[in-house]
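Novice: when you get a sec, could you give me coordinates for this:
(chains A and B)
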Amino acid sequence: MPLESLGLSTLPIQDLFPSIRQNLARHNQLILRAPTGAGKSTALPLAMLDWPEVEGKILLLEPRRLAARMIARYLARCLGEKVGQRVGLRVRGETQVSAETRLEVVTEGVLTRLIQSDPELTGVGLILFDEVHERHLATDLALALALEVQGGLRDDLKVMLMSATLQGQPLAQLLPEAPLLESEGRSFPVSVEYAPVATGQPWLPSLVAQVKRQLASQDGNLLVFLPGMGEIRSAAEQLQGQVADNVDICPLYGQLSGAEQDRAVAVPEAGRRKVVLATNLAESSLTIDGITVVVDAGYQRRASLNLRTGQTRLELVRISQSSAEQRAGRAGRLAPGHCVRLWSETQQQGLAEAELPEIQRADLLSLVLELAAWGTTDVNELAWLSPPPDSAVQRARALLQRLELVAADGRITALGQRVHRLGADPRLGHMLVKAAAWETDSKEPGLLRLACDLAALLEEGDPLRGRQVGADLGRRLDAARSGRYRQMADKWWRQLGQGHASKPAHHSEAGWLLALAYPDRIAQGRGGSGHRFLLSGGAGATLEESDPLCAEPYLVVASLNERAGQGDARIHLAAALNLDALKAVQPGLFETVRHAGLDSASGALKAERQTRIGALVVGRERLSDLTEADYRLALLDHLRRKGLEALPWSDRARTLQARVALAAQTLTTESWPDLSDSALLAGLEQWLGPYLSGLTKTGQLKQLDLYQILLDQVPWQAQSLLNSELPERLTVPTGSALALHYHSGGVKLAVRVQEMYGQSDTPRLARGALPVTLELLSPAQRPIQITQDLAGFWAGAWSEVKKEMKGRYPKHLWPDDPANTAPTRKTKRHLT
DNA sequence: CTCTCCCT
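Specialist: The predicted structure follows:
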């Protein structure tokens, strides 16, 4: 069809059409760089409907539901049709496709599901990935699966990656055979001004001043990029009353209602101007028309998984160069614009080229379950733009196993398949399926309905966010029973709810239900000031001190945020937990262990039977039948807490540690034990345990001969090699056997220079692999020279040293050719 | 002083 008739005649992407067609005829992979406004997600897919090079259906992938819906509507209108005719739409909760549909606009998560249900993607000829540069987790996963389909089952399937920028994106590395086509965008020049904030100064006041300056000096509307809601509110307060009457201040962030967002996006009435204070939302998700000036603070909040604790933390970080460019571009969509950056040109060079892709920093629980549903237990089997980090994959798999969604071999279980089908977060999905089963078994009505309400609340976000109402989830349940919350909860209830009550059980059941989703976030009050808690996963967490939940001995924490550099995480959403109720339904969470330990106050040994949930001790029973094993365990426990320094180290034992470490590097024909501090601490029970027999008090640890115990760890053969090649002492030319000083990097010998006469070159150990660092001393034991090259020293610096020594110690012998002089410990008088 | 998305 003629594009002119669709009002798309002037789009830059058209110039590339002949080239795209040629390449589609010859290749099944293609990379297209096209900035905003080129027409890559509008004119291009429409034109493709008529191209003979494209057979079958076209899938256009969008990262966001809103964008997918708008594009589908726009394209259908261009064809004079409704969505669901030639142009279809498939997003969560909305499917409009028919037999007539040739082009389906879908979100990335939907493609993943399509591939899982039909791995051959029957009828699909081409997949267009839009906005690949944003590198969402869903993009990377959908792409990896699509390439798997293409490589293994469908070599006729065509895949095209479309990205606004290639800066820092490994697209060509992943698809080395794919031709790379580049299109111009359609935008106006944006002048960039660097206005750095003085070091050590808070940046918000500078930003407010800049906004006022730009309002005075430039025409049009301003878009200001800030990291979060808090900064936006504070900036709005500082600007209020400080700007002209015709200027509106419009906050814009995800948590605002649709109407409030619309106000920020709308074009102001004639004679009025606006300042939009926005988060990252305005960088890619929302377009605001009529912006001529961008003021960029240069920060964003970014979620990353903390591998140590398994919690996600939100950090304030600098944006990337690529992101800064996208933000600046927002000023040049309709006319030439201006951008002020609150950093310097030097700092600009220091910014990362692109954002770290989500797959490299996010919690991978969903990703690993999606892969298991597809049948992959080894993530490295797939081709990734950036591979998911092993450590995060292992953590995700461990939790999925704990939730019984995957088996020990990594395969998905029947329960896992049911949870996957729900499309909920795996933790919440587990809670939903178990709640349905419990309601059936216990005949207690409304458990499933309550679980559905809780899951919707946690997936869609806190309806009371930002208000000072404490962390209690119960207070939010009523606020989250309408609108989108209701829609989601109803969907799950329909999937699982046959024969279940439609009225939710009481709030007080929320605690144990949530423990099904968050077994690692059961919290126990730490006593003392009352707002500090310990989590079953081992980390600490705190409530606001005024929060009524502080009075609860146990909580389940549904949402918390670690703060970089500060100790405990802050609890945002939690429910009180009745431990007895939890034990009745989830006895498997509780484990019983015999624990022996030394009372830190009295030093006396005590043994108890502890009931634990992960790191929490929730019950204790004193035991009186102490055994030798108890003493041993208690002493080991004591050492683990105090560290290796609590052992009676001698110089000789420390030296042995260093000798064995050096032996492992230089004498590789033998195998050597790892006697490093970290290995010793980790393996305390194995190497030290046997020597603790008969000891009953910490004071008796002093009796241990650590040198001998460590030496016992070295096999006999290796011991004799150690003694010959890395000896404790070295015999110098005078015959003195001097102590060698071993350390992690090598070995040193301190010796009076006169004792080295007659030695022509540096002595070497470990079959010559290790030169001895010589610290040559004056007759008064003062250092003269440190060298690993004795021959060089004799031939070079010695003549100067000799002169100085002669002046200071005239009674000693200072020869011209020390390498060929007899060594001595004495003065000249003794020689004559 | 909680960023933003997504799920047959």
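
Novice: ok, the closest residue to A:A737 other than its chain neighbours to DNA strand B distance?
Specialist: Excluding its sequence neighbours, the residue lying closest to A:A737 (Cβ to Cβ, 6 or more residues apart in numbering) is A:R729, at 4.3 Å. All C-beta spots, glycine's among them, are computed from the backbone N, C-alpha and C. Computed as Cβ to the nearest atom of the strand, to the nearest Å, the A:R729 to DNA strand B distance reads 58 Å.

Novice: quick one: low-confidence parts of the stretch 151-300 of chain A?
Specialist: Judged by pLDDT under 70, the stretch 151-300 of chain A has no weakly predicted residues.

Novice: interface residues of it facing DNA strand B?
Specialist: Contact residues (Cβ under 7 Å from any atom of the strand) of the stretch 151-300 of chain A with DNA strand B: A:227-231, A:234, A:253-255, A:279-281, A:285-286, A:300.

Novice: show me what contacts the nearest residue to A:A523 once chain neighbours are set aside?
Specialist: Nearest residue to A:A523 in three dimensions, chain neighbours excluded: A:F533, at 3.9 Å (Cβ to Cβ, 6+ apart). Contacts for A:F533 (Cβ atoms under 8 Å, 6 or more residues apart in numbering) come out as A:A523, A:Q524, A:G525, A:R526, A:G540, A:A541, A:T542, A:L543, A:L555, A:V557, A:I571.

Novice: circling back to that earlier point, who does the residue nearest to A:A737 form a beta bridge with?
Specialist: Under DSSP bridges, the beta-bridge partners of A:R729 are A:A739.

Novice: what residue in the stretch 51-200 of chain A comes nearest to DNA strand B?
Specialist: A:G109 (2.5 Å; Cβ to the nearest atom of the strand).

Novice: pretty sure that residue contacts A:A138?
Specialist: Yes: under the contact definition of Cβ atoms under 8 Å, A:G109 touches A:A138, with a separation of 5.1 Å.

Novice: identify the contacts common to those two.
Specialist: Residues touching both A:G109 and A:A138 by Cβ under 8 Å, 6+ apart: none at all.

Novice: what's the burial count for A:L636?
Specialist: By other Cβ atoms under 10 Å, the residues close to A:L636 number 17.

Novice: cool, and A:R449?
Specialist: 23.

Novice: any idea which element it lies in?
Specialist: Secondary-structure assignment from DSSP states H and E places A:R449 in helix A:447-460.

Novice: next SSE after that helix?
Specialist: helix A:474-477.

Novice: any idea how far that following helix is from the chain center?
Specialist: Centroid separation for helix A:474-477 versus its chain: 30 Å, with Cα atoms, centre = their mean, to the nearest Å.

Novice: and that helix, what's buried?
Specialist: A:G474, A:R476, A:L477 (16 or more other Cβ atoms under 10 Å).

Novice: now A:P189: how far from A:G337?
Specialist: The spacing between A:P189 and A:G337, counted by Cβ to Cβ, to the nearest Å, is 8 Å.

Novice: more crowded one of those two?
Specialist: A:G337 (24 against 11).

Novice: pull the contacting residues for that one.
Specialist: So A:G337 contacts A:F188, A:P189, A:V190, A:S191, A:G220, A:I291, A:T292, A:V293, A:V294, A:A331 (Cβ under 8 Å, 6+ apart).

Novice: now the first one. Nearest residue, chain neighbours left out?
Specialist: Nearest non-adjacent residue to A:F188, counting by Cβ to Cβ, 6+ apart: A:G332, 4.1 Å away.

Novice: ok, that neighbour - how many residues close by?
Specialist: Neighbour tally, A:G332, other Cβ under 10 Å: 22.

Novice: ok, A:G466 next?
Specialist: 11.

Novice: for A:G39, same thing?
Specialist: A:G39, neighbours per other Cβ under 10 Å, totals 22.
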